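In: no FASTA, just this:
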């Protein structure tokens, strides 16, 4: 059965992780793997998570399944966090939420739902986008095409080219959008651009699929959801995949959800039944432990306040590293070429250098980033930021 199967190359990120671990150099720096790190270089368990976990364990009386939809109080908390308590889609019972194994699970279930409803639909994804988007959505059998998003010359969203492409998309097609903190570029739409995009989506009758992986890492929990809330107010059908790996640090617990907004309550009930069947056919039931922790934090005012403070500290740490890196790059001879780093949002920026420079940074300076020169700013520390900046210039980033 398996004798004809060839060995695949390792996943690029996993391969980079292995190279970094095997490197004995004392000044090595990991800017590749997409996890938050504190000033000690650790990916911490948040204090609010520790307290919530203690409560969950103390109250737990069973390890039985939670059902295909997941934990009800988690789903309610997610809807309120993402859409807001008084959002029309919630008040009119047009929104349905299903817990999923991380944002990845939510994206795949959403893709399967789209394929079930409209097999001929094409999904339009940004250039560039998170590498796993293609596997998660394309793996469902859907066709994917790219739309222009980022201009590497200006380090800004190429909004005109984006609209020009989407204005030719057939009605019923799906547009995958990063809700905030675009991965890998850190370049986000402005509020005015969101409004203009919404008008186009309405006119062309396109369906938005929003990926919200970094809520709270851009502005704050409310501000980072504003684009989604605008979209869901004005469009009849919206899909939203959300993850709590980053903002709650629940990476290994695989905590995510899929929210689907439909045109009517009756449509929403039908969609919900389909989503449950899809989830049942892929993973049967979602894991509960992380969702129980998240639900506890969402519902308890003191834990919610503690989370907000910890999340603010995480966001400010990344913002500080953006400012310091841009400053040290200037001092190292980079001029204003890298000032864009301090204006972008979230964990990532594209350095915008050729593959050869990325390889020199790895081989000669022991600084690791993905081949497209995506940097995780949370891998930079006050004690290594000067070294990183000087190495970037020395590796030929300005050539």
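Out: Here it is on my side, so go on. Predicted, not measured: the structure shown is a model, and the values here were computed from it.

In: any idea how far residue 155 lies from residue 256?
Out: 30 Å (Cβ to Cβ, to the nearest Å). Any C-beta I mention is one placed from the backbone N, CA and C, and that applies to glycine too.

In: So between these two, which is more surrounded?
Out: residue 256 (30 against 21; other Cβ atoms under 10 Å).

In: Report whether the expected contact of the more buried one with residue 109 is present.
Out: No: counting by Cβ atoms under 8 Å, residue 256 stays clear of residue 109, with 9.5 Å between them.

In: Quick check: neighbours shared by these two?
Out: Common neighbours of residue 256 and residue 109, using Cβ atoms under 8 Å, 6 or more residues apart in numbering, are residue 100.

In: Any idea which residue is closest to the centre of this protein?
Out: residue 213 (2.9 Å; Cα atoms, centre = their mean).

In: what pLDDT does that one get?
Out: Model confidence at residue 213, given as pLDDT, is 97.

In: first to last residue in stretch 374-385, what's the distance?
Out: Distance between the two ends of stretch 374-385: 16 Å, counting by Cα to Cα, to the nearest Å.

In: Which elements pack onto the longest helix belonging to the chain?
Out: Using DSSP state H, we find that the single longest helix of the chain is helix 301-329. In terms of contacts (3 or more Cβ pairs under 8 Å, 6 or more residues apart in numbering; DSSP states H and E), helix 301-329 is packed against helix 47-59, helix 289-299, helix 385-394.

In: for the ones you listed, which one ends up most surrounded?
Out: Stretch with highest mean neighbour count among the helices and strands packed on helix 301-329: helix 289-299 (a mean of 24; mean count of other Cβ atoms under 10 Å).

In: contact partners of it?
Out: Contacting residues not belonging to helix 289-299 are listed as 48-49, 52-53, 55-56, 60, 66, 70-71, 73-74, 77-78, 80-81, 99, 244, 248, 250, 253-255, 303-304, 307 [Cβ under 8 Å, 6+ apart].

In: Buried ones among the residues you listed?
Out: Taking 16 or more other Cβ atoms under 10 Å as the criterion, what is buried in those is 48-49, 52-53, 56, 66, 70-71, 74, 77-78, 80-81, 99, 244, 248, 250, 253-255, 303-304, 307.

In: List phi and psi for the closest residue to residue 171 other than its chain neighbours.
Out: Among residues not flanking residue 171 along the chain, residue 205 sits closest, at 3.9 Å (Cβ to Cβ, 6 or more residues apart in numbering). Backbone dihedrals for residue 205, given as degrees, to the nearest 10, come out at phi 60, psi 50.

In: ditto for the one 3 residues further on
Out: Per-residue torsions, residue 208: phi -80, psi 140 (degrees, to the nearest 10).

In: Then the one 5 residues further on?
Out: The phi/psi pair for residue 213 (degrees, to the nearest 10) reads phi -100, psi -10.

In: quick one, what contacts it?
Out: Counting by Cβ under 8 Å, 6+ apart, residue 213 has contacts 103, 130, 178, 181, 183, 241-243, 245-246.

In: Dump the residues you listed into CSV; add secondary structure, neighbour count and pLDDT as well.
Out: Output for those, formatted as CSV (DSSP: H, G, I helix; E, B strand; the rest coil; neighbours: other Cβ atoms under 10 Å; pLDDT from 0 to 100):
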residue, secondary structure, neighbour count, pLDDT
103, helix, 26, 97
130, coil, 21, 94
178, strand, 25, 98
181, coil, 26, 97
183, coil, 22, 97
241, strand, 27, 98
242, strand, 28, 98
243, strand, 25, 98
245, coil, 22, 97
246, coil, 24, 97
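
In: Identify, from those, the entry nearest to residue 26.
Out: residue 246 (28.5 Å; Cβ to Cβ).
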